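>>> Need a 3D model of the sequence below.
(3 chains)
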Amino acid sequence: MAEELVYKKPRLLTDKDFHFCPGCSHGTIHKVIAEVIDQMGMENSSIGITPVGCSVLAYNYIDIDWVQAAHGRACAVATGIKRLNPSKLVFTYQGDGDLAAIGTGETIHAANRGDNIVVIYVNNAVYGMTGGQMAPTTLLGMKTVTTPNGRDAKLHGYPFKVGEMISQLEGVCYFTRQSVHTAAGVRRARKALRRAFELSMEGRGLSFVEFVGTCSSGWKMSAVEANKWLDENMLPFYPLSAE
Amino acid sequence: MSDIRLMKGNEAVAHAAVRCGCDGYFGYPITPQSEVLETLMELRPWESTGMVVLQAESEIGAINMIYGAACTGKMVMTSSSSPGISLMGEGFSYIAGAELPCVVVNVARGGPGLGTIQPGQSDYFLATKAGGHGDFNMIVLAPNSVQEMYNFVFDAFELAFKYRNPVMILSDGVIGQMMERVELSEPLPRRTDGQIVEQMRSWAVTGKPVGAQRNIVTSVQLDPIVQENVNHRLQAKYKVIREKEVRYEAIGCEDADHILVAYGCSARISHKAMELARDAGHKVGLFRPVTLFPFPYEQLDSVCKRAKGFLSVELSAGQMIEDVRLAVGCRARVEHFGRMGGVIHSPNEVWQALQEKLLNR
Amino acid sequence: MKTMQEEMIIAGFGGQGVLSMGKILAYSGMMQGYNVSWMPAYGPEQRGGTANVTVVVSERPVSSPIVQEYDTAIILNQQSMDKFEPMVKPGGILIYDTNGITRHPSRSDIAIYTIDATAEAATRGLSRMFNMMILGGYLAVKPIVTLDSAIKGLAKSLPERLHRTLPDNEKAMRLGGELIRKA
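Sure thing, here's the model as predicted:
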């Protein structure tokens, strides 16, 4: 029987083993990025910026040019690159701590200036790399190592819907919220990311692509449990964009 | 044809940026250096050379824009004053760690804290010893005239690319705000993107050619042995810089019994104090470090070999004096004089201090 | 051999054109081939606050742009009179506009000149050019640069859109030279 190849690793994913935990969304999101860049033929004109956090080493996995930024500063770094290299596809890849806590200022101002960059924002409501501390996006009542009794609004404030806020700014041409915890979600995410990249290259302004993701280690769950928890708890608060 | 103007030091920096072929400036307003950004916006170089000028949301934003743009092999610079420079410290460390070329102008004011908007030289330690976390050095040039504010932008870019290292032009509110005659040189063209790829593709992030090796600009190495090797490489580079890039000016030092050591505005003020001392019959010289890193340790010692007393004159509580002491050791008396907090010492005050601290002892 | 070197301060309120006077002198000195420096007391002082500028015009390279003793002080308000009268070198010159001055200078070891520039300029419809009147007066007393150079310096430091005011400014400068008198 002839072998029928139904799936292969995207060309722009390197052979390096992911350091991500089983069940983590980052690997899937990386794969989607690699696929879209390849499909668009942008391998030689893409520059990605990695944050501080679990995805700091994204440059090990996607075979394009990369810059590693200081914590929270990815959008400013992207502005510097894009302003001087307008023909390049410039995108940041940031977690919720990097983008929505320490880097809020840089993010909002890049958005407000309408810099032609794409911000890929992974919101899993927890700090993964430093060991499961509260993020700005941690849900009320959610337990983390710095909210052992659950997040209390009186003490910690409210979960931050940064995407909704960013989308109000004049300089933002596209805001979408996606997830990759189902096959259908991955297909939608691929389309959304491609649209963001295209708008950026058309010079339309800043595109903000949010992924609601899982952190099985930070959430202290199995991969399957994490996907279920995302469905039941994250998505009601962070609803996905309509197709 | 020479182009001679009367302008402020800050304005000269802006003109130099446009004329040296700089690709981009990112900055945030702060007194006493805001004229750099204002002049650039007035000159509109994006219409002539294609240079990008952007007012950032903060000094943190500005230095990270510099970091990003420098990653792509472009000639980029920023300017600020002391409190803003503190904010940029994290960026300096990343830029040095990732070995990127860039130019930073610090038109210093008195501190600490918000301090004063008046001139200061209390950022010497920051510039030469502790610009941020980790073992790194910036090359530091200290102009003492409007012409040097202009010239040093060219020199700083040359050094920045030669060593792939951040270069700070450490100026002060006097040199930034004063007007003098300045001769502007013929504009140099900006590098083309093709030239940048040709000259800098070995490290710069310019878009990975299909099938070629990707470039990654980073300052993180999770394996400590690898990170230690990065440090060894940096230290080897700094050693070469110490050997090859020392610059200084010595006026009347050969036969001098006493030496005023000063940089920036204090060198100008001390020059007049030296004239007052010489008028009074004292053999006094002026030694001006032009590079603060690398500091001219050996040159200070050997050029001023007859001197038995050194007065480090700085608008600070005494920072450069530590390097003066390292240079001459115990063989001579080393004293400090300087006003602080934005007060500028006059030539007379320096002359008085020289008498009290060295001549009359 | 004594070479020409003029270390001067011009001091008054912000908005009186103190910095411009200094700039014109620096420009004209430079055009006559002298070394010059212009150092303002900078800061948030705008219209109404105090303003001053130190100008050095010299045959030799200017060592310090910061000086504490002046060959000439041009004084346009009382605060500046109180502060800078003691800082004029013995044998130096102090020029002041009598307008708003309640305590007149008292030193006998310097040459003191007055000019009623504010009042005279107002009666001649040249109010905004009273500072040029003082500058003209100063150059009559101490011609470190020629009036022609000063007029060229003025043209250099004025934005193009104000060049239509050049004839009136020149008139004010010449008038100042006639009106200045020894106190």
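
>>> rest of the way, CA atoms for contacts and neighbours
Will do.

>>> need the contact list for residue 77.
With no chain named, the answer covers chain A. Residues in contact with residue A:77 (CA atoms under 8 Å, 6 or more residues apart in numbering or on different chains) are A:49, A:69, B:64-69.

>>> The intended chain is chain C.
By CA under 8 Å, 6+ apart, residue C:77 lies in contact with C:11-13, C:97, C:99-101.

>>> Pull the number of nearby residues for residue 135.
Unless you meant another one, I'm taking chain A. Residues near residue A:135, counting by other CA atoms under 10 Å in any protein chain shown, number 26.

>>> sorry, should have said chain C
Quick note: residue C:135 (other CA under 10 Å) scores 25 neighbours.

>>> check contacts around it.
Residue C:135 neighbours (CA under 8 Å, 6+ apart): C:21, C:173, C:176.

>>> Check the secondary structure at it for me.
helix (DSSP: H, G, I helix; E, B strand; the rest coil).

>>> circling back to that earlier point, kindly indicate which of the contacts of residue C:77 lies nearest residue A:190.
Distance to residue A:190, by CA to CA, is smallest for residue C:13 among the contacts of residue C:77, at 65.6 Å.

>>> Where does residue 149 fall, secondary structure wise?
Since no chain was named, I'll use chain A. Following DSSP states H and E, there is no helix or strand that holds residue A:149.

>>> not what I meant, chain C
helix C:147-157.

>>> Name the residues that touch that helix?
Contacts with helix C:147-157, where a contact means CA under 8 Å, 6+ apart, come from C:20, C:23-29, C:31-32, C:136, C:139, C:163, C:166, C:170.

>>> circling back to that earlier point, how about a markdown table for the contacts of residue C:135, with pLDDT and secondary structure added?
Output for the contacts of residue C:135, formatted as a markdown table (pLDDT from 0 to 100; DSSP: H, G, I helix; E, B strand; the rest coil):
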| residue | pLDDT | secondary structure |
| --- | --- | --- |
| C:21 | 96 | helix |
| C:173 | 96 | helix |
| C:176 | 96 | helix |
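
>>> will you turn the residues you listed into TSV that also has neighbour count and distance to chain B?
Conversion of these to TSV gives the following (neighbours: other CA atoms under 10 Å in any protein chain shown; distance: CA to the nearest CA, whole Å):
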residue	neighbour count	distance to chain B
C:21	22	13
C:173	26	22
C:176	27	26
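
>>> The residues you listed: which ones sit near chain A?
Subset of those in contact with chain A: empty, counting by CA under 8 Å from any CA of the partner chain.

>>> so where do the strands sit in chain C?
Taking DSSP state E, the strands of chain C run over residues C:5-13, C:35-40, C:50-58, C:70-75, C:88-97, C:111-115, C:181-182.

>>> Tell me which of the ones you listed sits most buried.
Most buried of the strands of chain C, by mean neighbour count (mean count of other CA atoms under 10 Å in any protein chain shown): strand C:35-40, with a mean of 26.

>>> Quick check: can you name the pairing partners of that strand and their directions?
Using DSSP bridges, strand C:35-40 pairs in its sheet with strand B:179-184 (antiparallel), strand C:50-58 (antiparallel).

>>> Need the CA coordinates for that strand. CSV is fine.
Backbone C-alpha positions of strand C:35-40 (Å, rounded to 0.1, in the frame of the first residue of the first chain) are rendered in CSV as follows:
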residue,chain,number,x,y,z
ASN,C,35,36.0,83.7,19.0
VAL,C,36,32.7,83.8,20.8
SER,C,37,30.6,82.0,23.4
TRP,C,38,27.0,82.5,24.4
MET,C,39,25.9,80.9,27.6
PRO,C,40,22.3,81.4,28.9
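
>>> Give the rounded mean pLDDT of it.
The average pLDDT within strand C:35-40 is 97.

>>> wouldn't residue A:72 be in contact with residue A:99 here?
Yes. The pair residue A:72 / residue A:99 is scored as a contact, 5.5 Å apart, by CA atoms under 8 Å.

>>> the more surrounded of the two?
residue A:99 (30 against 26).

>>> Need the phi and psi values for that one.
Per-residue torsions, residue A:99: phi -90, psi -40 (degrees, to the nearest 10).

>>> Give the full set of residues in contact with it.
Per CA under 8 Å, 6+ apart, neighbours of residue A:99: A:72, A:107, A:121.

>>> what's near enough to touch the second one?
Taking CA under 8 Å, 6+ apart as the contact definition, residue A:107 lies against A:73, A:75-76, A:99.

>>> And the furthest pair within these?
A:76 and A:99 (11.2 Å).

>>> burial count for residue 27?
Since no chain was named, I'll use chain A. Residues lying near residue A:27 (other CA under 10 Å) number 18.

>>> please go with chain C instead
Count around residue C:27 with other CA under 10 Å applied: 32.

>>> Going by neighbour count, which residues in the host helix or strand of residue B:69 are buried?
For residue B:69, the host element (DSSP H and E) is helix B:59-71. In terms of neighbour count (16 or more other CA atoms under 10 Å in any protein chain shown), helix B:59-71 has its buried residues at B:59-71.

>>> Going by distance to residue B:244, which of these wins?
Set against residue B:244, the nearest of the buried residues of helix B:59-71 by CA to CA is residue B:70 (24.1 Å).

>>> who touches that closest one in this structure?
By CA under 8 Å, 6+ apart, the contact set of residue B:70 is A:81, B:76, B:100-102.

>>> Residue B:113 now?
residue B:83.

>>> how about a cut-off of 6 Å?
By CA atoms under 6 Å, 6 or more residues apart in numbering or on different chains, the contact set of residue B:113 is empty.

>>> repeat for residue B:227
residue B:221.

>>> pretty sure it is in a helix, no?
Yes. Counting by three-state DSSP, residue B:227 falls inside a helix.

>>> Was I right to think residue C:183 contacts residue C:111?
No. Applying CA atoms under 6 Å, one finds residue C:183 not in contact with residue C:111, separated by 8.3 Å.

>>> Quick check, pLDDT for the residue nearest to residue A:197 when sequence neighbours are not counted.
In this structure, residue A:197 finds its nearest non-sequential neighbour in residue A:118, 6.6 Å apart by CA to CA, 6 or more residues apart in numbering or on different chains. Residue A:118 carries a pLDDT value of 98.

>>> which SSE is residue B:160 in?
Residue B:160 is part of helix B:146-163 when elements are defined by DSSP H and E.

>>> Just want the angle from that helix to strand C:35-40.
Relative orientation of helix B:146-163 versus strand C:35-40 (axes from the mean of the first three to the mean of the last three CA atoms, to 10 degrees): 90 degrees.

>>> picking up where we left off before, out of the contacts of residue A:77, name the two that are farthest from one another.
Largest separation among the contacts of residue A:77 by CA to CA: A:49 and B:66, giving 13.9 Å.

>>> among the contacts of residue A:107, who's most crowded?
Among the contacts of residue A:107, residue A:75 has the most neighbours (other CA under 10 Å), with 35 neighbours.

>>> Please name the residues that touch that residue.
With CA under 6 Å, 6+ apart, residue A:75 has these contacts: A:106-107.

>>> secondary structure element for it?
Using DSSP H and E, residue A:75 sits within helix A:74-84.

>>> Next up, the contacts around residue C:176.
When contacts are counted by CA under 6 Å, 6+ apart, residue C:176 touches C:133-134, C:136-137.

>>> cutoff 8 Å now
C:115, C:117, C:132-137.

>>> Can you select the buried ones from those residues in PyMOL?
A single PyMOL command is used to select the members of the contacts of residue C:176 judged buried by 16+ other CA under 10 Å:
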select buried, chain C and resi 115+117+132+133+134+135+136+137
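
>>> Now find how far off-centre the helix holding residue C:149 is within its chain.
14 Å (CA atoms, centre = their mean, to the nearest Å).
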